[in-house]
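Visitor: Here is my input, please return the structure:
(one chain, ligands or ions: 1)
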Amino acid sequence: MMRIGLEVHVALPTKTKLFCSCSTSAKEPNTSICPICMGFPGSKPMLNKNALAIALSISNALKCEIPKQISFVRKVYFYPDLPKSYQITQLQRPAGVNGSVSYNKGKVGIRRVQIEEDPAKIIREEEYTLVDFNRSGIPLVEIVTEPDITDEESLRDFISELKSILYYLGVDVEGEFKADLNISLAEQRVEIKNVTGTKNLIDATRYEIERQTSVINSGQKVKPETRSYNAEKMITESSREKESDEEYGYIFEPDLTEYDTDGINLEKPTYASVMAAEYSSKYNVDGTLIKSLIMFDKNALAKLEYAKDKHNMKTVINAVELLSRYKKDFSNEKFEELLKTIEMGAYIDSTVMNKIEIGEKIDINKGVRIEDIDALLNSILSGMKKEEYKDNKKVFNFIVGKVVKEKKANPKLVAERLKAIIDKV
Ligand SMILES: [Zn+2]
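Guide: So this is what the prediction gives:
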């Protein structure tokens with residue numbers, strides 16, 4: 001049985017770093033640095049309380065148990081991205097344990113959520129290596145799942161669900177969404193390190209499943225190992241022998257105290273896919289469409305919530321879809337105007353959207369009204385015999401063309417109206 005687990009790393013949306021007050025948004029290399037994030041001897045880290053609150057909110061949204069107190073450890077290793085020779089992370093009492101994420105058809109266990117600092121960025125040139133410490137100390141959370149994902153579709157759905165939950169907590173999921181993948185088809189576990197972006201995660205998984213399947217089919221055993229993903233060639237490559245956690249030294253971080261988690265304000269989680277399902281059953285509307293509109297769009301969700309009991313839900317969804325299609329962010333007042341315009345039966349295109357946006361009144365009588373299109377269609381049809389137009393594509397297209405020309409209407413709309421009329425005959 002195939003089992004896939006993920007270790008996802010996301011950067012927390014804080015203004016300053018995890019253990020110092022350096023900015024997280026510096027552009028020029030090595031301009032946002034201090035003795036703490038460069039690991040000078042004697043410098044003392046101070047925990048960013050905002051980072052803690054966001055990490056605990058993520059943990060809470062992933063339905064984790066949050067320990068009464070959390071603590072930090074030093075994970076000791078030697079590498080140029082970490083001059084103090086250890087990374088501050090969590091081990092025994094992380095931000096959360098034993099959580100879960102539910103999606104369409106399944107549920108993935110969340111083993112742990114832990115807070116840690118990002119190391120510096122290494123830039124390799126041909127003859128030398130550069131280090132940019134702007135990234136050193138950026139607050140991260142690592143989300144470790146149970147190996148509960150059993151196929152590609154579930155992986156896709158889980159990632160989308162997780163990203164949506166994180167998106168609603170203000171985490172930038174379009175940027176650096178990095179993960180390590182664990183994939184095992186037989187007993188042996190293969191780890192693929194540092195895969196960036198959803199597409200690469202899916203592609204790497206697909207490749208690795210094929211690779212392991214062919215190893216097994218040829219009667220060999222899959223080697224437990226760490227591999228890396230080559231996005232250009234779309235393959236995974238053996239990188240080094242598997243290093244287990246025991247090979248790292250962990251010691252208690254004496255510079256940081258233990259932190260009480262009681263009394264920290266947790267942000268209320270938003271489960272957009274659950275809300276989409278609720279809208280769908282309550283208002284008898286297309287849940288998949290709503291889901292696609294609100295999973296990664298706070299404004300769309302706010303508009304749905306705002307208008308859901310004031311207008312017909314189909315109209316509301318139509319309006320939200322228009323905002324999304326034309327990339328508009330309307331105030332509630334303008335959104336009302338849009339809803340009214342739809343309710344009047346007007347055909348809405350980018351011109352109408354722009355008029356509403358700049359506050360120009362929509363003169364419905366000068367626009368194309370569905371009733372006018374219907375009236376013209378009916379008058380054309382009334383001059384014909386039923387046998388002439390029923391099931392006749394040529395005549396159908398001819399009538400559509402005539403009305404489009406005369407009313408300057410949208411062909412798709414006219415075709416829809418004509419079909420509706422003919423179907424009733
Ligand atoms: Zn600093």
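
Visitor: What are the phi and psi values at the residue in the stretch 51-200 of the chain that the ion sits nearest to?
Guide: Per Cβ to the ion, the residue of the stretch 51-200 of the chain with the smallest distance to the ion is residue 137, at 5.6 Å. Where C-beta positions appear, they are placed from N, C-alpha and C, glycine not excepted. When quoted as degrees, to the nearest 10, the phi and psi of residue 137 stand at phi 90, psi 0.

Visitor: all helices for the stretch 251-400 of the chain, in order.
Guide: Residue ranges of the helices in the stretch 251-400 of the chain, as given by DSSP state H, counting those that start in this stretch, are 272-283, 287-294, 298-307, 313-325, 332-343, 350-357, 370-382, 386-389, 393-407.

Visitor: How about the stretch 1-150 of the chain?
Guide: With DSSP H, counting those that start in this stretch, the ranges of helices along the stretch 1-150 of the chain come out as 49-61.

Visitor: Any idea which helix or strand in the protein has the lowest mean pLDDT?
Guide: strand 235-241 (a mean of 82; mean pLDDT, DSSP states H and E).

Visitor: of all the helices of the stretch 251-400 of the chain, which lies closest to the ion?
Guide: In this view, these are compared for proximity to the ion by Cβ to the ion, and helix 298-307 is the closest at 31.0 Å.

Visitor: ok, now which ones touch the spatially closest residue to residue 389 that is not a sequence neighbour?
Guide: Closest residue in space to residue 389, ignoring its immediate chain neighbours: residue 395 at 4.8 Å, by Cβ to Cβ, 6 or more residues apart in numbering. For residue 395, the set of contacting residues under the criterion of Cβ atoms under 8 Å, 6 or more residues apart in numbering consists of 384, 388-389.

Visitor: so residue 56 makes contact with residue 95?
Guide: Yes - with contacts defined as Cβ atoms under 8 Å, residue 56 counts as touching residue 95 at a distance of 5.6 Å.

Visitor: More neighbours: which of those two?
Guide: More neighbours surround residue 95 than the other of residue 56 and residue 95, with 27 against 24 (other Cβ atoms under 10 Å).

Visitor: Distance-wise, check the more buried one relative to residue 153.
Guide: Residue 95 sits 29 Å away from residue 153 when distances are taken as Cβ to Cβ, to the nearest Å.

Visitor: quick revisit: on contacts alone, who are the packing partners of the least confident helix or strand of the chain?
Guide: helix 198-217, strand 225-230 (3 or more Cβ pairs under 8 Å, 6 or more residues apart in numbering; DSSP states H and E).

Visitor: Help me confirm that residue 319 comes into contact with residue 343.
Guide: No - counting by Cβ under 8 Å, no contact exists between residue 319 and residue 343, whose distance comes to 9.6 Å.

Visitor: neighbouring contacts of the least confident helix or strand of the chain?
Guide: The contact list for strand 235-241, computed with Cβ under 8 Å, 6+ apart, reads 192-193, 204, 207-208, 211, 225-230.

Visitor: Narrow the contacts of residue 395 to just the buried residues.
Guide: Burial by neighbour count, 16 or more other Cβ atoms under 10 Å: within the contacts of residue 395 this picks out residue 389.

Visitor: picking up where we left off before, so in that sheet, which strands flank the least confident helix or strand of the chain, and in what orientation?
Guide: strand 225-230 (antiparallel) (DSSP bridges).

Visitor: now the angle from the partner strand to helix 198-217?
Guide: Orientation note: strand 225-230 sits at an angle of 130 degrees relative to helix 198-217 (axes from the mean of the first three to the mean of the last three Cα atoms, to 10 degrees).

Visitor: which residues touch the residue nearest the centre of the chain?
Guide: When Cα atoms, centre = their mean is applied to the chain, the residue found nearest the centroid is residue 163 (3.4 Å). Taking Cβ under 8 Å, 6+ apart as the definition of contact, the neighbours of residue 163 are 173, 177, 198, 296.

Visitor: With residue 70 instead?
Guide: With contacts taken as Cβ under 8 Å, 6+ apart, residue 70 has the following neighbours: 52, 90, 93-95, 115, 258-259, 261.

Visitor: Beta-bridge partners for it, please?
Guide: Taking DSSP bridges, one obtains residue 259 as the residues bridged to residue 70.

Visitor: Residue 118 versus that one, what's the distance?
Guide: As it turns out, when the distance is counted by Cβ to Cβ, residue 70 lies 19 Å from residue 118.

Visitor: quick one: the residue lying closest to residue 425 once chain neighbours are set aside and residue 423, what's the gap?
Guide: Leaving aside its chain neighbours, residue 425 sits nearest to residue 386 (6.1 Å; criterion: Cβ to Cβ, 6+ apart). Computed as Cβ to Cβ, the residue 386 to residue 423 distance reads 13 Å.

Visitor: same deal with residue 68?
Guide: When distances are taken as Cβ to Cβ, residue 68 and residue 423 turn out to be 65 Å apart.

Visitor: Residue 345 now?
Guide: To residue 423, residue 345 is 19 Å away according to Cβ to Cβ.

Visitor: higher neighbour count, those two?
Guide: Taking neighbours as other Cβ under 10 Å, residue 345 and residue 423 compare with residue 345 leading, 15 against 8.

Visitor: What does the more buried one show for phi and psi?
Guide: Residue torsions, per degrees, to the nearest 10, at residue 345 are phi 90, psi 10.

Visitor: The residue of the stretch 51-200 of the chain closest to the ion touches residue 18, doesn't it?
Guide: Yes - Residue 137 is within contact range of residue 18, at 5.4 Å (criterion: Cβ under 8 Å).

Visitor: tell me, what's touching these two both at once?
Guide: Taking Cβ under 8 Å, 6+ apart as the contact criterion, the residues that touch both residue 137 and residue 18 are residue 117.

Visitor: show me the contacts for residue 122.
Guide: With contact taken as Cβ under 8 Å, 6+ apart, residue 122 is in contact with 80-81, 129-131.
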